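Chemist: Give me the fold of what follows.
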Amino acid sequence: QVQLVESGGGSVQAGDSLRLSCAASGRTFSGHAMGWFRQAAGKEREFVAAISWSGGNTHSADSVKGRFTISRDNGKNTVYLQMTNLKPEDTAVYYCAADTYPVTSWSGLNAPDYWGQGTQVTVSS
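Modeler: As a prediction, this is how the structure comes out:
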């Protein structure tokens, strides 16, 4: 059974940092890009960031550029999202995903091959 399990969410103050992790199990994700989406209450899901299998290519939404960094450790089957200078508008449920799409196409990706269950991030002003 394939699973993507997110962790690291929580409640923080504006300006703080958090690191989200997503551990994959049940199969190898060789060749799969991995990434993050988020969905705030009452809003549509939006793309956050993605990283290629090799880690050599990344792509992120304009709203998080310069603040969020995505990375992965294939030996641990884990992808990370380091979030700094968090803002109240970053409050959302963050979902990990895996797909073979090129990372530059992830902003238009509606149905990744695999989804995690989500982790809540709440940023207070």
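
Chemist: Excluding residues flanking it in the chain, which one is nearest the spatially most central residue of the chain?
Modeler: In the chain, the residue lying closest to the centroid (Cα atoms, centre = their mean) is Trp36, at 2.2 Å. Of all residues not flanking Trp36 in the chain, Val48 sits nearest, at 4.2 Å (Cβ to Cβ, 6 or more residues apart in numbering). Just so you know, the C-beta spots here come from the backbone N, C-alpha and C atoms, and that holds for glycine as well.

Chemist: Show me the shaky parts of this protein.
Modeler: The chain contains no residues with pLDDT under 70.

Chemist: residue ranges for the strands of it, please.
Modeler: Taking DSSP state E as the criterion, the chain carries its strands at 3-7, 10-13, 18-25, 33-39, 46-51, 58-60, 68-73, 78-83, 92-99, 114-115, 119-124.

Chemist: which one of those is the most hemmed in?
Modeler: strand 33-39 (a mean of 25; mean count of other Cβ atoms under 10 Å).

Chemist: and it, what does it pack onto?
Modeler: When contacts are defined as 3 or more Cβ pairs under 8 Å, 6 or more residues apart in numbering; DSSP states H and E, strand 33-39 packs onto strand 18-25, strand 46-51, strand 68-73, strand 78-83, strand 92-99.

Chemist: In CSV, list the strands of the chain along with distance to Ser107.
Modeler: Output for the strands of the chain, formatted as CSV (distance: least, Cβ to Cβ, whole Å):
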stretch, distance to Ser107
strand 3-7, 19
strand 10-13, 26
strand 18-25, 19
strand 33-39, 10
strand 46-51, 4
strand 58-60, 7
strand 68-73, 14
strand 78-83, 16
strand 92-99, 12
strand 114-115, 16
strand 119-124, 20
